[in-house]
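Chemist: just need the structure, nothing else, for what follows:
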Amino acid sequence: MPKTPSSESFSLAIEFYREEDGRWLADIAALPGVTAYGRTKNQATAAVQALALRLIADRLEHGEALPGPLNVSFIAA
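Modeler: Reported below is the predicted structural model:
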């Protein structure tokens, strides 16, 4: 019976900060440099998630992650 590829799963916590000018900053500490601003909390969330997925894709393309299925979830802290 063929083996089904195992799925590597991890969650990325998003931390939020509100700037004095009202902008929101979203940061994923587990991925250094993955930080994004937005006029609203939702915009900052979408921007930081997109940035994190681009970084993960780049790492996969360069062989820095295991091949096979990968499940990613985001947790708003």
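Chemist: any idea which element the nearest residue to Arg23 once chain neighbours are set aside lies in?
Modeler: Nearest residue to Arg23, sequence neighbours excluded (Cβ to Cβ, 6 or more residues apart in numbering): Tyr37, at 5.2 Å. Backbone N, C-alpha and C define where each C-beta goes, glycine included. For Tyr37, the host element (DSSP states H and E) is strand 35-38.
Chemist: list the contacts of that strand.
Modeler: Contact with strand 35-38 is made by 19, 23-28, 44-48, 50-51, as judged by Cβ atoms under 8 Å, 6 or more residues apart in numbering.
Chemist: buried ones among those residues?
Modeler: 24-28, 44-45, 47-48, 51 (16 or more other Cβ atoms under 10 Å).
Chemist: which ones among the residues you listed map onto helices?
Modeler: Counted as lying in helices by DSSP state H, out of those, are 44-45, 47-48, 51.
Chemist: could I get those as JSON lines with distance to Glu64 and pLDDT?
Modeler: What follows is these, written out as JSON lines (distance: Cβ to Cβ, whole Å; pLDDT from 0 to 100):
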{"residue": "Ala44", "distance to Glu64": "26", "pLDDT": "98"}
{"residue": "Thr45", "distance to Glu64": "25", "pLDDT": "97"}
{"residue": "Ala47", "distance to Glu64": "23", "pLDDT": "97"}
{"residue": "Val48", "distance to Glu64": "20", "pLDDT": "97"}
{"residue": "Leu51", "distance to Glu64": "17", "pLDDT": "96"}
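Chemist: and the pLDDT for the spatially most central residue of the chain?
Modeler: The centroid of the chain falls nearest to Ala52 when counting by Cα atoms, centre = their mean (3.4 Å). pLDDT, the model's per-residue confidence, is 92 for Ala52.
Chemist: check contacts around the nearest residue to it once chain neighbours are set aside.
Modeler: Nearest residue to Ala52, sequence neighbours excluded (Cβ to Cβ, 6+ apart): Val34, at 5.1 Å. Shown in contact with Val34 (Cβ under 8 Å, 6+ apart): 27-28, 48, 51-52, 55.
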